[in-house]
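Participant: How does the following fold in three dimensions:
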Amino acid sequence: MPNSTSADKQKIVLVAEDDKFYSHLYETKLHNEGFNIVIAEDGIQVVKLAKLHHPALILLDLIMPTQDGFETLKILKSDPELEKIPVVIMSNLAQEEDMQRTKELGAIDYLVKSNITMEDMVKVVRKYLK
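Facilitator: Model (predicted):
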């Protein structure tokens, strides 16, 4: 029988979002859906928290202070300890070249924040945590 700690760990979602409104929205919605949420406000914090918590999924914003999401994604995917963690981009950058660049860097999906509902975001999280 698996212990609850390992089961809980499987459900950790690291949300990288510097906008307080969005981070609170995501945290509340995902927590209410039964996920354990860790919030990072910049790219450097994302890498530190990913090493500390080994989340099952990272939702990564691209425009963040200190270190942007592109650089953060590059670091995550070049670290043997973190490279297998799936990363979904959640950004308001909707340019095709930004989407293509993140795919090339190793992101598994790209969601435009202004075009997605909270329910759709939860469906995407569930899809990649199966």
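
Participant: Nearest residue to the middle of this structure?
Facilitator: For the chain, residue 59 is the residue whose C-alpha lies nearest the centre (CA atoms, centre = their mean; 1.5 Å).

Participant: and that one, what helix or strand is that in?
Facilitator: If you go by DSSP states H and E, residue 59 is part of strand 57-60.

Participant: ok, that strand: who's next to it in the sheet?
Facilitator: strand 12-16 (parallel), strand 87-91 (parallel) (DSSP bridges).

Participant: Take the ones you listed and lay them out in JSON lines including distance to residue 65 and mean pLDDT.
Facilitator: Using the backbone N, CA and C atoms, a C-beta is placed for each residue, glycine as well. Below are those laid out as JSON lines (distance: least, CB to CB, whole Å; pLDDT from 0 to 100):
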{"stretch": "strand 12-16", "distance to residue 65": "11", "mean pLDDT": "97"}
{"stretch": "strand 87-91", "distance to residue 65": "15", "mean pLDDT": "96"}
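
Participant: can you put those in TSV and add distance to residue 39 and mean neighbour count?
Facilitator: Formatted as TSV, the strands paired with strand 57-60 follow (distance: least, CB to CB, whole Å; neighbours: other CB atoms under 10 Å):
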stretch	distance to residue 39	mean neighbour count
strand 12-16	5	25
strand 87-91	13	24
